[in-house]
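**Student:** build the 3D model from these lines:
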Amino acid sequence: MGKLIKVMPGFFVSADSVLSDVNMMQWIHAKQPEAVMNLISALSFHGLTTQIPAYLSVALPRGKVIPKNFVTPVKVWYTKNEWLLCGVTQYSGAFGPYLVTSPERTLIDCFRYRNKIGLDIFLESLQIGIREKSFNLNQLAELGDIFKVSALMKPYIKTAVS
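**Tutor:** Coordinates of the predicted model:
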């Protein structure tokens, strides 16, 4: 009989399961369907950073929680309910569905949280995304308007595009 490991309270998986961010998001989604992978974890998911995330970044609406005591570190970022699913895509994996912010939404979030995660992460992902044509600039502008950061981001985007 195979061995099991506890990934969070009440949730066990086979000991040979990979403990990746994607698998963790699937397990978190099973417990908290509103959870969305965001920030550095989403940048890594979309191939828009060279950094290895130190923790899994998860967005939740204010007032919601995820189970504690994960196998890997998880950082929760709370957001307004109406903003949570804006610019989010659902994926499916071996352990079920999970939500990830789009490349454009991820860039917007990195800019919004630049004082907490660092401006260098935003700049690197912007350069990689522009070089690899990973961003839809129209969608980036629309999301920038929704999150009220368009005017602040415009000089950075103009510099990266030129």
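**Student:** neighbours of P97, how many?
**Tutor:** Neighbour count for P97, taken as other CB atoms under 10 Å: 13. For glycine as for every other residue, the C-beta is placed from the backbone atoms N, C-alpha and C.
**Student:** please read the previous query as pertaining to E34.
**Tutor:** 15.
**Student:** now do the same contact list for it.
**Tutor:** By CB atoms under 8 Å, 6 or more residues apart in numbering, the contact list for E34 reads 60-61, 64, 84.
**Student:** ok, S125 - how many residues close by?
**Tutor:** 27.
**Student:** typo on my end, L4
**Tutor:** 11.
**Student:** do I have it right that it meets A15?
**Tutor:** Yes. The criterion here is CB atoms under 8 Å, and L4 meets it with A15 at 6.4 Å.
**Student:** remind me which residues of this structure are low pLDDT?
**Tutor:** Applying pLDDT under 70 to the chain picks out residues 1, 69-70.
**Student:** center of this structure, which residue is that?
**Tutor:** Nearest residue to the geometric centre of the chain (CA atoms, centre = their mean): N38, 1.5 Å.
**Student:** ok, back up a step: need the contacts of E34 in CSV with neighbour count, distance to G47 and secondary structure, can you?
**Tutor:** Formatted as CSV, the contacts of E34 follow (neighbours: other CB atoms under 10 Å; distance: CB to CB, whole Å; DSSP: H, G, I helix; E, B strand; the rest coil):
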residue, neighbour count, distance to G47, secondary structure
L60, 20, 25, strand
P61, 16, 28, strand
K64, 13, 29, coil
L84, 21, 24, helix
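**Student:** and the residues you listed, which two are the farthest apart?
**Tutor:** The most widely separated members of these are K64 and L84, with 9.4 Å between them, by CB to CB.
**Student:** quick check: which element contains S57?
**Tutor:** strand 56-61 (DSSP states H and E).
**Student:** which strands border that strand, and is each parallel or antiparallel?
**Tutor:** strand 36-37 (antiparallel), strand 74-79 (parallel) (DSSP bridges).
**Student:** and those strands, which is most packed in?
**Tutor:** Greatest average neighbour count among the strands paired with strand 56-61 goes to strand 36-37 (a mean of 28), per mean count of other CB atoms under 10 Å.
**Student:** give me the distance between the helix or strand following that one and the centre of its chain.
**Tutor:** Scanning forward in sequence from strand 36-37 by DSSP H and E, the next helix or strand is helix 39-46. Distance of helix 39-46 from the chain centroid (CA atoms, centre = their mean, to the nearest Å) equals 5 Å.
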